[in-house]
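Chemist: sequence unknown, structure follows:
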């Protein structure tokens, strides 16, 4: 097993600031959500607290970016937290103080970065740490992000390029970072013919983490990651996005079933294809982002369960996206179902049984080796769904336990048939006899 | 586990007539090779004897096809063996007599078919069995094979289509067929935008086998199969080709390494992505086919071992292609290495460690749970190749046993380094201590 | 000027049976429409009478094809008229008698053929004229039409291929054919990566016409023809389709504006990119074909004028599609506007001035060198449309004559502005002063 | 006729600094070549003197660019000549002094610009003229040039964008510029799916020229321009490149024949598809650029004549690329053939007759209405080439005058046949009788 795989032996679980605060999260919000996790969620396995994009941008106010705006940067061309948003970062402290507090809660701390080097560093031609080359000399003038103007890509063949990435992760290690989500890298949209064109930057980041002296989970965005590069991804990262940004719309959830079918053979310890954040509870607080501003998730309770069930039988990372402090009781309940979380963290032999326009079924073994079957009604109406158990080799008579309701059904044999709500799941643990 | 997966729990091993006899194999050659297997190879696991393409074509003489030629066909539009080539098939016996003889040798019998219905049946509008529809009514006039004029595709939505396929497999079951290689189906080249356009024909064939009353391994050709359809393939077939036709050229062997990297996550019981036949010994007896007529394989001894080692650590089916009766002692030796065959049949946790232009490395656990590492020198010169064992989690001290030469190397620790011939492999079983 | 260009010095004008009778037109209908043309249209320039697809198919009843059905064929693998539909063709007369009658009316006669050789000839392996090769030997087994099962393509490198095409046009010349519309040839949809894959068949047909001893206009279908092959088309054919089949739907007419923009530079004597038949009057008599069965055109009077105006300023061939004998007075009126027809036949310097989502403008010089401007309201509402005349170099003061209404407008200077109905045209001849 | 077309009624003829000096030409070189033209070439029609790319870059030394380097810019974000290279431009004079001198020679002055706004202006957020918007606000952060880091594209929907372009051309008009070559605009390689993505910037430039008060020929680079956008190009520009950069290699010249076939129907007054500069005489003085540094053209004398003949029968702009002051007698001779230049400037009815792998033929009428035929031997060996004159409608008996040698050939009738050197042309004026 690769050393990097030991950093994420089970799918990472945690919280990320994007779905609720976009590019504009601040210290109070970060720590407030961390405290909520400590008090309500840690016991169920949730542990990472991740500060998403543009923590170095003083004027950020929403999910949209200010083009060409001034970014906070240290003397080595490295971006640092905006003090007006993260007061404890002043005087060169960076994220160290926040990380310390999160660690003291028994949790882990993560940050988001963009691939590359700040364009402002390049046009000012500022120095780099550990090399006498300058920002201008390692930047790739045509390599950029289509949706954000902060960075240029780094030319892996330039002298000083690896030193630059090393200097970044040395800084993050000094802050106490446990998780890094790197963006504009798993699918570099500026090169439509070659969406995995940042493969050398991924390798430089892998090397930089390996020699930074601290374990950090490496998460790559955005999706869709390129499935033909699954081997390279699995050698270098711990998780990578399978799709574009996920939000609380049924069509996006519906489409995830196809993606999970394709990526399922690539799920393994330390390598977790990622269904993206869970847009649950209160989201989109700073602007209307694919829905109303400051809304509770558009997903119905049934859709929420479908999402959590799929993320679990597939074994996606589980990263919450809402402002946790505004959770209603039902919002908390859906993310604290120990049976579902256990499937996500400990199941094995996970695989899709079938999928069509209107239904899907998955199988896994739970922690104790019991068979688990999940049925999904993908249609827009209540529907009876059947599995021919014998076709899949289940020859015995079973009792089924519904992992969401805990209800029991006896005498399941030959065929499993259930009437299921539109967009709802049924996940059963099967016990022989 | 699907019932179909129980037909091929390990990678199928056997012999196929294409590489030596093309479209023109006859009864004597088929049975002669079967006898050779019985006498020399059965004990090592080789068991299937497969009659390749156009056994229904009386004028076939080589690997090339006669366009629009008359085919042997029964009253239900089903192709039957050409009596001039398979004398025992006369009087409606079909392949029954040959299958019986092969079964009596303790071996299994396979045939090749083309997807679809004979064009001659369609233009004569002959009857079908089990339906009052006729050949004309189930044919798809635009669905055809780019390289052979025998068949039209079958329209899965036509009444009578499933009955036609059922009638085929009913016939094959009556003959005693154990293995069916269906061609022009895994990659339907006539539809370049949709190479998996025969998906409904695959499903009809699956259903026809499931209800024919006999276990038959289902093999799909030609490659490259479409990797995004891996789920559908795994639900319907037992093996499928990963590439176009494989022959005894280094570039084709070299390219197989990339294909194996991509398909490795999809290898599992009952589902064997297929590296294609092994062009070993005497091949191409009827014409010059990518090399001299009637030649011994162009592969050097080192390349032969590279091929068998890759096919084994990847767990491809192993299907011999040469005229076995002309095997020289060295030809027999390379296919009767029990250690290599055991890796192919019983290894687990198989995966590539790394691959670059000049080298590759694979890992698996052998039958007894020992670590096995295979190194490949893909360059054209002798080369020292190293594996950083600790990077992959091998922290102990090992003794290595070379599975080809049986030589032992002691004191392997930290790094495994070996000087390897051009195009040659090194496969070592590692024993702790 | 190429000899072939002398056959069609102006855009061909005539009638074709497809829009009203599909594959099922008969002798009575053909001659009845010819008589209508003689009596009502000949004086305006309409002259070709073209019998569309499958006149060799005895069972044809509509616009849809019977798959793999028996076709009428002579002893040389050449298709001949079905006697039940064309009684005068019996006893080897073929289309000779019909052509004679049409010629006697002062009109010209055309037929439709499919590229290639009948599949039934190939599977029966029938003889060819002028060569000892047989049908089987010149057919290309993978080259076919996606929407009709009659033919295989002909392999231009096969001995006997040119002789086969020569024998076809020798036959057509003996019948007195003046116009041949060849189908499945300008865009061979079975090869999506190479839609002009029939280029060699086009060349064989060109040669066959050049040596058949009779002038025949060569029209190629279906569209869209490949614009990058404009040179080859112009060297070999007289007209070729710019789009897929055109019918009486506004979106198809709307889209023709873009096609005309692209093809305009390629319009020249003998070379007429073709906007397809005019679905006017009573159409679709044998089946519902993109609209009700036996309907009068869906085009409004304004849309009909837009169509005829565009076809004229662009200089497309003008081929009527309706059952002329059912024309109402207004149907006859719209196709007998001498000014519009004169623009089509004799204008010069034709070019688009501008085009946007909602409007378009074209320019040409009429027969006498007067400026003509056509404005089109492409939007769905009445709209004022302006042309900055000075921008295009019209510096004088003009009187405008509306070519549809004959109304005059004085004092046009600097800017031409007009309120135009939705989907309607305004075409003005500008006279200085 | 559009007003812009009156600026270039015949194909522009002149000189451009790129082929000899790359990005590093200076005042002395510019004026020195202008003087050469005045003294040796003006009388033959050569008139434009064009200063190519990066005259605003003080450190430019060759054909390669310094990434992210400091550019000379005025207070309105407009690039201005580097004083160290163009001393007369100091004190706000810009190119005015140079233009004045060139005008005084009876010649015209042109400059090259890159589409967009300087990245340095954007990152410094400098002001624009005529608007209170700033550089940052009109730049498109993802729109850039793949091969040069100077500029960002301008967002046509941003307020201030048109004002920015207006301010540029106002400046150029004040300098006395007669010709502008805009680069990174006809084919925007950063968008491979949409190479004409700068269409709105082209429209802004058109508008800016139309209102700048001075006639300027508009030339667009680089190629290949998108042929399906021929209409838009013809409405907005005077010339546009048909290919990537042209240099003195036979394969590039060979490929131009196909491009000329495709673009020929689009050649018309004011609209000149451009075969690119003529790499004749001494080129590549500052670096090895697709050949030796400081070399005389690699084209043989025959190839030079092929190039000039093709550029002339096609009517491409003629722009010399070499350091004219180093011309040898033969270099001057080849560009001062009055007959060839007259074909370029005044011929009509230009068209290709045929083209295959080994030969091509073109036709045009000369100024006096005489037929002119050009034959090209595209093969690598001497070859006899024939034209069937009657096939193309030349029915008379002719005397031919070779436009390069002035030799006469009598009695040309029916077929024109000539033995032609490898890579050489034969261009004949045909006189009846």
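Modeler: In hand now; what should we look at? No experiment lies behind these values; they were computed from the predicted model shown.
Chemist: now do the SS call for the closest residue to chain C within the stretch 51-200 of chain A.
Modeler: At 17.0 Å from chain C, residue A:193 is the closest residue in the stretch 51-200 of chain A, using Cβ to the nearest Cβ. The way it works is simple: take the backbone N, C-alpha and C, and place the C-beta from them, glycine included. With DSSP: H, G, I helix; E, B strand; the rest coil as the basis, residue A:193 sits in coil.
Chemist: OK, contacts around the closest residue to chain B within the stretch 51-200 of chain A?
Modeler: As assessed by Cβ to the nearest Cβ, chain B sits closest to residue A:199 within the stretch 51-200 of chain A, at 12.9 Å. Residues near residue A:199 by Cβ atoms under 8 Å, 6 or more residues apart in numbering or on different chains: A:229, A:232.
Chemist: rerun at 6 Å
Modeler: Contact analysis of residue A:199 by Cβ atoms under 6 Å, 6 or more residues apart in numbering or on different chains lists nothing.
Chemist: same thing with residue A:211?
Modeler: Counting by Cβ under 6 Å, 6+ apart, residue A:211 makes contact with nothing.
Chemist: now do residue A:170
Modeler: By Cβ under 6 Å, 6+ apart, residue A:170 lies in contact with residue A:212.
Chemist: and it, that one's in a strand?
Modeler: No. Applying three-state DSSP, one finds residue A:170 to be helix, outside a strand.
Chemist: what are the phi and psi values for the residue of the stretch 51-200 of chain A closest to chain C?
Modeler: The phi and psi values for residue A:193, taken as degrees, to the nearest 10, are phi -80, psi -10.
Chemist: go on, residue A:195?
Modeler: According to degrees, to the nearest 10, residue A:195 has phi -70, psi -10.
Chemist: one more: the one 4 residues further on?
Modeler: With angles defined as degrees, to the nearest 10, residue A:199 sits at phi -60, psi -40.
Chemist: pLDDT score assigned to it?
Modeler: Reported pLDDT at residue A:199 in the predicted model: 97.
Chemist: now swap in the one 10 residues further on and tell me
Modeler: In the prediction, the pLDDT value recorded for residue A:209 is 98.
Chemist: likewise for the one 3 residues further on?
Modeler: Residue A:212 is assigned 97 on the pLDDT scale.
Chemist: ditto for residue A:288
Modeler: Looking at residue A:288, its pLDDT is 89.
Chemist: same check on the one 4 residues further on?
Modeler: According to the per-residue confidence, residue A:292 scores 95 in pLDDT.
Chemist: quick check: which element contains it?
Modeler: Residue A:292 is part of no helix or strand when elements are defined by DSSP states H and E.
Chemist: also residue A:97?
Modeler: If you go by DSSP H and E, residue A:97 is part of helix A:96-104.
Chemist: again with residue A:240
Modeler: strand A:239-241.
Chemist: show me what whichever helix or strand comes after that strand packs onto, helices and strands only.
Modeler: Next helix or strand after strand A:239-241 toward the C-terminus (DSSP H and E): helix A:250-263. When contacts are defined as 3 or more Cβ pairs under 6 Å, 6 or more residues apart in numbering or on different chains; DSSP states H and E, helix A:250-263 packs onto strand A:348-355.
Chemist: what's the angle from the strand it packs on to helix A:250-263?
Modeler: Relative orientation of strand A:348-355 versus helix A:250-263 (axes from the mean of the first three to the mean of the last three Cα atoms, to 10 degrees): 120 degrees.
Chemist: partner strands of strand A:348-355 and their direction?
Modeler: strand A:359-365 (antiparallel) (DSSP bridges).
Chemist: buried set for the strand it pairs with?
Modeler: A:359, A:360, A:361, A:362, A:363, A:364 (16 or more other Cβ atoms under 10 Å in any protein chain shown).
Chemist: now the helices for chain A?
Modeler: According to DSSP state H, chain A carries its helices in the segments A:18-21, A:27-40, A:96-104, A:119-124, A:135-138, A:161-175, A:199-210, A:230-236, A:250-263, A:301-314, A:329-334, A:338-346.
Chemist: residue A:415 bridge partners, please.
Modeler: residue A:388, residue A:413.
Chemist: for chain B, what are the nearby residues on chain A?
Modeler: Counting by Cβ under 6 Å from any Cβ of the partner chain, chain A comes close to chain B at A:1, A:231, A:261, A:265, A:266, A:393.
Chemist: which ChimeraX command selects the buried ones in the residues you listed?
Modeler: Selection of buried members from those for ChimeraX, criterion 16+ other Cβ under 10 Å:
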select /A:231,261,265,266
